[in-house]
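Asker: Sharing a model that was predicted from the sequence below.
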Amino acid sequence: MEDDVLTTLKILIIGESGVGKSSLLLRFTDDTFDPELAATIGVDFKVKTISVDGNQAKLAIWDTAGQERFRTLTPSYYRGAQGVILVYDVTRRDTFTKLDNWLNELETYCTRNDLVKMLVGNKIDKVSLFVCACGRLPRHMEEGTLVR
Ligand SMILES: Nc1nc2c(ncn2[C@@H]2O[C@H](COP(=O)(O)OP(=O)(O)OP(=O)(O)O)[C@@H](O)[C@H]2O)c(=O)[nH]1
Ligand SMILES: [Mg+2]
């Protein structure tokens, strides 16, 4: 019931196109996986209520487009976010190095100082193609501020 919800949190998922942001979200909200999922256009949005220590928390999760040409709404969807999930693909080193750009965007558009950042290395099932673990953290992601 709506009344039972203690808090609503705005979470963003960002990262290069094709790293699996929408797939992570679909797994979390619907427990499904589509091996041929289409690229996100603009932004998608899903809501899921979870229980934390017996309290109901509503997560409003914004799944952003990685492709530059589809990212028309950028500043508005960063506004007011409490958490951000940065995603890279462990089989594509460029998706890890480009996290710096995503962190710059966060700095530019996020309105909160206490933003919680989580780094996710996705596609670990493609073990034979593994090129990049989290050896060096991207700029501005000190251990203390990172949830892994
Ligand atoms: N093998 C494997 N494939 C994955 C995984 N996650 C996503 N994929 C596939 O990778 C492709 C891209 O996934 P998406 O979730 O659409 O990627 P995205 O980051 O949302 O891409 P944009 O919407 O363009 O920003 C799809 O074909 C997915 O099926 C994974 O963990 N393992
Ligand atoms: Mg997507």
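Answerer: Cool, got the structure. Ligands and ions are numbered 1, 2, ... in the order given.
Asker: what ranges do the helices span in the chain?
Answerer: Ranges of helices in the chain, per DSSP state H, are 21-30, 74-78, 93-97, 99-109.
Asker: right, and those helices - which one's nearest Ile85?
Answerer: With respect to Ile85, and counting by C-beta to C-beta, the nearest of the helices of the chain is helix 21-30 at 7.5 Å. Every C-beta, even on glycine, is put in place using the N, C-alpha and C of the backbone.
Asker: Ligand 2: which of the helices of the chain is closest?
Answerer: helix 21-30 (3.2 Å; C-beta to the ion).
Asker: Give me the pLDDT for Ile124.
Answerer: We have a pLDDT of 88 for Ile124.
Asker: these two touch, right, it and Thr91?
Answerer: No: in this structure, Ile124 is not within contact of Thr91 by C-beta atoms under 8 Å, at 9.1 Å.
Asker: Can you flag the weakest of the helices of the chain by average pLDDT?
Answerer: Looking at those, the bottom one is helix 74-78 with a mean of 79.
Asker: what's that helix packed up against?
Answerer: Helix 74-78 is packed against strand 55-64, helix 99-109, with contacts defined by 3 or more C-beta pairs under 8 Å, 6 or more residues apart in numbering; DSSP states H and E.
Asker: looking at these, which is buried most?
Answerer: Burial of the helices and strands packed on helix 74-78 is given as mean neighbour count (mean count of other C-beta atoms under 10 Å); strand 55-64 ranks first at a mean of 18.
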